[in-house]
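*Asks:* Everything below, folded, please.
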Amino acid sequence: MRLSDCELLIVPGYESSGPAHWQTLWEQAFGARRVEQVSWTHPRREPWVSRIVEEVQRATRPVVIIAHSLGVAAVAHAVPRFPAAVVRGAFLVAPPDVEDPTLLPELELDFAPLPRTPLPFHSTLVASHSDPYATFEKVQGLAASWGSTLFDAGDAGHINTASGHGTWFAGFRALDQLVAMI
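*Replies:* Numbering: from 1, shown residues only. Model (predicted):
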C-alpha cells in the first residue's frame, strides 16, 4: 500500500502539536486529518478515546494512525472500539509512561493502565533513549506486548519540536516502510 491509498489520522498528545511539530508538518504535506480534542490541556481518557473512534468511523479509506505522546495512550485505549478492519496500521511515537506518577502531570494518570493486548493491525512504536516521559525499556516492553515493530530513535528526547524534530525525515521513512507492509 502507498500513503496516497490511506486516510492518515494525526493524533497529537497533550497540548496538541504546534505549527513546527513534525505531526503538523506531515498533516499539511500529506493532506492528513487531525483528530481534534475537546480539551488539549485537560485530557481525559474517555473523551479523547471517543473522538479518535469517531474519526476512524468517518473514514472512507483504510486508516493509518499517526500518534504522538499521550495520543499513543489514547489510541491504545481506543483500539477495542474500532470498526473491524478499518485501521490498517499505526505509527506510534514517544508514548509517555502513564503508569508512573513521577514522570507525568497528575492529569495524565487517567490514561493508566495501558492495555497490553496485541494490536490487530501493523504498527511501529518509536522510542528514544532520552525521552523524559518514558524509559526506553518501558516502551520496548509495550512494543513487545502490542506486537509492534520497535524503531530505536537513539537519543532523540521526546521526538517533538523542543527536541529538534521538525519535518523528521527519519520518521517519515519509517512511516513509509510501515505503510508498505500493509
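
*Asks:* who touches the residue lying closest to Gln177 once chain neighbours are set aside in this structure?
*Replies:* Counting by CB to CB, 6 or more residues apart in numbering, Thr124 is the residue found nearest to Gln177 once chain neighbours are left out, at 7.6 Å. (Glycine included, C-beta is placed from N, CA and C.) Contacts for Thr124 (CB atoms under 8 Å, 6 or more residues apart in numbering) come out as 90-92, 148-151, 174-175, 177-178.

*Asks:* which residue sits farthest out from the middle of this protein?
*Replies:* Thr102 (21.8 Å; CA atoms, centre = their mean).

*Asks:* and it, backbone torsions?
*Replies:* Dihedral angles phi and psi of Thr102 (degrees, to the nearest 10) take the values phi -80, psi -20.

*Asks:* Tell me which of the contacts of Thr124 fall in helices.
*Replies:* Using DSSP state H, the members of the contacts of Thr124 that fall within helices are 174-175, 177-178.

*Asks:* Tabulate those residues (CSV), appending pLDDT.
*Replies:* As requested, these are arranged in CSV below (pLDDT from 0 to 100):
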residue, pLDDT
Ala174, 95
Leu175, 95
Gln177, 95
Leu178, 96
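
*Asks:* number of nearby residues for Ala162?
*Replies:* When neighbours are counted by other CB atoms under 10 Å, Ala162 registers 12.

*Asks:* quick one, phi psi at it?
*Replies:* In terms of degrees, to the nearest 10, the main-chain angles of Ala162 are phi -60, psi -30.

*Asks:* Ala76 now?
*Replies:* When quoted as degrees, to the nearest 10, the phi and psi of Ala76 stand at phi -60, psi -40.

*Asks:* From what I see, it and Pro115 are in contact.
*Replies:* Yes: taking contacts as CB atoms under 8 Å, Ala76 lies within contact range of Pro115: 5.2 Å.
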